[in-house]
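Engineer: coords below, sequence missing:
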């Protein structure tokens, strides 16, 4: 799949098959996250990979709207130092989600609201925090069904030369 098609067709989804993610795909997803640019090339993001169902359920309990997490066979938490910028984490997360989608693996970014609980579940050092949690899974055989509002037309979003 070419890059533009990957970006254009990627949709967040919360419905998953329980098929394990192959190690080779996991490595490519992580490599895509590693290659994301960062402010001043500081490379602050770290990735905690979770494949244990019980631990994924425990982590899901630390968020809101995370009912879908326990259905994913793979979860990656993007963590960074407490003073790290969320923008850098977002870049890494988007790279990972696009790399996964290029292989037919879906994802959906989630937030943790019980930060202390999430840090405990992940065993993070005191000076690190969870920025984004990404479940990865193959979509169901029925495919990904669009939910919510359609995308706004480009002409409604673009302002050329000023607002």
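Structural biologist: Alright, I've got the coordinates. These numbers were taken from a predicted model, which means no experiment stands behind them.

Engineer: where does residue 86 land on pLDDT?
Structural biologist: Looking at residue 86, its pLDDT is 94.

Engineer: show me what contacts it?
Structural biologist: Going by Cβ atoms under 8 Å, 6 or more residues apart in numbering, residue 86 touches residue 131. All C-beta atoms are positioned from the backbone trio N, CA, C, and that covers glycine.

Engineer: Relative to residue 48, how far out is the residue nearest to residue 117 when sequence neighbours are not counted?
Structural biologist: Take residue 117 and drop its neighbours on the chain: the residue closest to it by Cβ to Cβ, 6 or more residues apart in numbering is residue 62, 4.1 Å away. Per Cβ to Cβ, to the nearest Å, residue 62 is found 13 Å from residue 48.

Engineer: Find the centremost residue of the chain, please.
Structural biologist: By Cα atoms, centre = their mean, the mean C-alpha position of the chain lies nearest to residue 134, the distance being 3.1 Å.

Engineer: State the distance from that one to residue 10.
Structural biologist: Residue 134 sits at a distance of 13 Å from residue 10 (criterion: Cβ to Cβ).

Engineer: Are there residues contacting both of those two? Which ones?
Structural biologist: Residues touching both residue 134 and residue 10 (Cβ under 8 Å, 6+ apart) are residue 97.

Engineer: hang on, the earlier thing: looking at residue 62 and residue 48, which one has more neighbours?
Structural biologist: Legend: neighbour count by other Cβ atoms under 10 Å for residue 62 and residue 48, higher for residue 62 (23 against 19).

Engineer: Could you list which residues are in contact with that one?
Structural biologist: Contacts of residue 62 (Cβ under 8 Å, 6+ apart): 112-115, 117-118, 121.

Engineer: Mind checking which of those residues are buried?
Structural biologist: Neighbour counting by 16 or more other Cβ atoms under 10 Å classes 112, 117-118, 121 among the contacts of residue 62 as buried.

Engineer: Pick the one among those residues closest to residue 153.
Structural biologist: Closest to residue 153 out of the buried ones among the contacts of residue 62 is residue 112 (34.0 Å), distances taken as Cβ to Cβ.

Engineer: From residue 60, how far out is the nearest residue to the closest one once chain neighbours are set aside?
Structural biologist: Excluding the flanking residues, the one nearest residue 112 by Cβ to Cβ, 6+ apart is residue 118, at 3.9 Å. Distance from residue 118 to residue 60, counting by Cβ to Cβ: 10 Å.

Engineer: Which strands or helices does the longest strand seen in the chain pack on?
Structural biologist: Counting residues, the longest strand found in the chain (DSSP state E) is strand 128-137. When contacts are defined as 3 or more Cβ pairs under 8 Å, 6 or more residues apart in numbering; DSSP states H and E, strand 128-137 packs onto strand 74-81, helix 86-102, strand 106-107, helix 115-122.

Engineer: That concludes my questions; thank you for your assistance.
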